[in-house]
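# How does the following fold in three dimensions:
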Amino acid sequence: MSNPSPEQIQKPAISIDSNLESNSANTKPQDSYVKLAMRNMVRKGRQSLWHFFLTTVGLVGLLVGLAYLTKP
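The predicted structure follows:
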(Lines give C-alpha, C1' and ligand atoms only; values in the text may rest on other atoms or scores of the structure.)
Protein backbone atom coordinates (compact mmCIF):
# COMPACT_ATOMS: atom_id res chain seq x y z
CA MET A 1 0.00 0.00 0.00
CA SER A 2 1.38 3.31 -0.97
CA ASN A 3 0.43 6.66 0.45
CA PRO A 4 -1.72 8.77 -1.86
CA SER A 5 -0.07 11.81 -3.32
CA PRO A 6 -1.27 15.29 -2.26
CA GLU A 7 -2.99 15.73 -5.62
CA GLN A 8 -5.15 12.66 -4.99
CA ILE A 9 -6.38 13.80 -1.55
CA GLN A 10 -9.47 15.96 -1.84
CA LYS A 11 -10.40 18.25 0.99
CA PRO A 12 -14.05 19.04 1.70
CA ALA A 13 -15.24 22.42 0.52
CA ILE A 14 -16.52 23.35 3.99
CA SER A 15 -15.03 21.93 7.12
CA ILE A 16 -17.15 21.07 10.12
CA ASP A 17 -15.47 23.68 12.32
CA SER A 18 -16.11 26.57 9.94
CA ASN A 19 -19.71 25.40 9.45
CA LEU A 20 -20.33 25.47 13.21
CA GLU A 21 -18.75 28.91 13.51
CA SER A 22 -20.91 30.35 10.75
CA ASN A 23 -24.08 28.88 12.29
CA SER A 24 -23.27 30.30 15.72
CA ALA A 25 -22.44 33.70 14.22
CA ASN A 26 -25.73 33.88 12.30
CA THR A 27 -28.03 32.88 15.15
CA LYS A 28 -28.74 35.48 17.83
CA PRO A 29 -29.14 34.10 21.35
CA GLN A 30 -32.67 34.35 22.65
CA ASP A 31 -33.25 37.25 25.05
CA SER A 32 -33.81 36.37 28.67
CA TYR A 33 -37.16 36.85 30.37
CA VAL A 34 -35.74 39.64 32.54
CA LYS A 35 -34.39 41.52 29.53
CA LEU A 36 -37.74 41.28 27.74
CA ALA A 37 -39.58 42.43 30.88
CA MET A 38 -37.28 45.43 31.30
CA ARG A 39 -37.71 46.38 27.64
CA ASN A 40 -41.48 46.14 28.01
CA MET A 41 -41.41 48.20 31.21
CA VAL A 42 -39.43 50.97 29.52
CA ARG A 43 -41.83 50.96 26.58
CA LYS A 44 -44.91 51.23 28.85
CA GLY A 45 -43.38 53.43 31.54
CA ARG A 46 -46.38 55.13 33.14
CA GLN A 47 -48.55 52.00 33.17
CA SER A 48 -45.71 49.94 34.65
CA LEU A 49 -45.17 52.48 37.43
CA TRP A 50 -48.89 52.55 38.22
CA HIS A 51 -49.02 48.73 38.44
CA PHE A 52 -45.90 48.71 40.62
CA PHE A 53 -47.53 51.27 42.95
CA LEU A 54 -50.77 49.25 43.17
CA THR A 55 -48.85 46.05 43.88
CA THR A 56 -46.81 47.74 46.60
CA VAL A 57 -49.89 49.23 48.27
CA GLY A 58 -51.71 45.89 48.07
CA LEU A 59 -48.81 43.95 49.54
CA VAL A 60 -48.29 46.42 52.39
CA GLY A 61 -52.05 46.40 53.04
CA LEU A 62 -52.08 42.61 53.13
CA LEU A 63 -49.15 42.47 55.57
CA VAL A 64 -50.66 45.14 57.85
CA GLY A 65 -54.03 43.36 57.75
CA LEU A 66 -52.47 40.02 58.65
CA ALA A 67 -50.46 41.63 61.44
CA TYR A 68 -53.64 43.21 62.83
CA LEU A 69 -55.64 39.98 62.64
CA THR A 70 -52.93 37.81 64.21
CA LYS A 71 -51.91 40.10 67.08
CA PRO A 72 -52.25 38.53 70.52
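
# Can you list the low-confidence ranges for the chain?
When residues are selected by pLDDT under 70, those of the chain lie in 1-26.

# try 90 this time
Low-confidence segments of the chain, defined by pLDDT under 90: 1-32, 37-49, 71-72.

# That one: helices as residue ranges?
Ranges of helices within the chain are 16-26, 33-43, 45-69, based on DSSP state H.

# Dump the ones you listed to TSV, plus mean neighbour count.
Every C-beta, even on glycine, is put in place using the N, C-alpha and C of the backbone. Output for these, formatted as TSV (neighbours: other C-beta atoms under 10 Å):
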stretch	mean neighbour count
helix 16-26	9
helix 33-43	10
helix 45-69	10
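
# so how far is Pro29 from Gly65?
44 Å (C-beta to C-beta, to the nearest Å).

# Likewise for Val57?
For Val57 relative to Pro29 (C-beta to C-beta), the value is 38 Å.

# One more: Ala67?
For Ala67 relative to Pro29 (C-beta to C-beta), the value is 45 Å.

# Arg39 too?
Separation of Arg39 from Pro29 (C-beta to C-beta): 15 Å.

# do the same with Phe52
According to C-beta to C-beta, Phe52 stands 28 Å off from Pro29.

# ok, now Phe53?
From Phe53 to Pro29 the distance is 34 Å (C-beta to C-beta).

# list the contacts for Asn40?
Ser48 (C-beta atoms under 8 Å, 6 or more residues apart in numbering).

# Please report the distance of it from Tyr68.
36 Å.

# ok, now Leu49?
For Leu49, the distance to Tyr68 - C-beta to C-beta - is 28 Å.

# And Lys28, by the same measure?
According to C-beta to C-beta, Lys28 stands 52 Å off from Tyr68.

# how deep is Lys28 tucked in, by neighbour count?
By the other C-beta atoms under 10 Å criterion, the neighbourhood of Lys28 contains 6 residues.

# Give me the phi and psi angles of it.
When read as degrees, to the nearest 10, the backbone of Lys28 gives phi -90, psi 130.

# for it, what are its contacts?
Contact partners of Lys28, counting by C-beta under 8 Å, 6+ apart, are absent.
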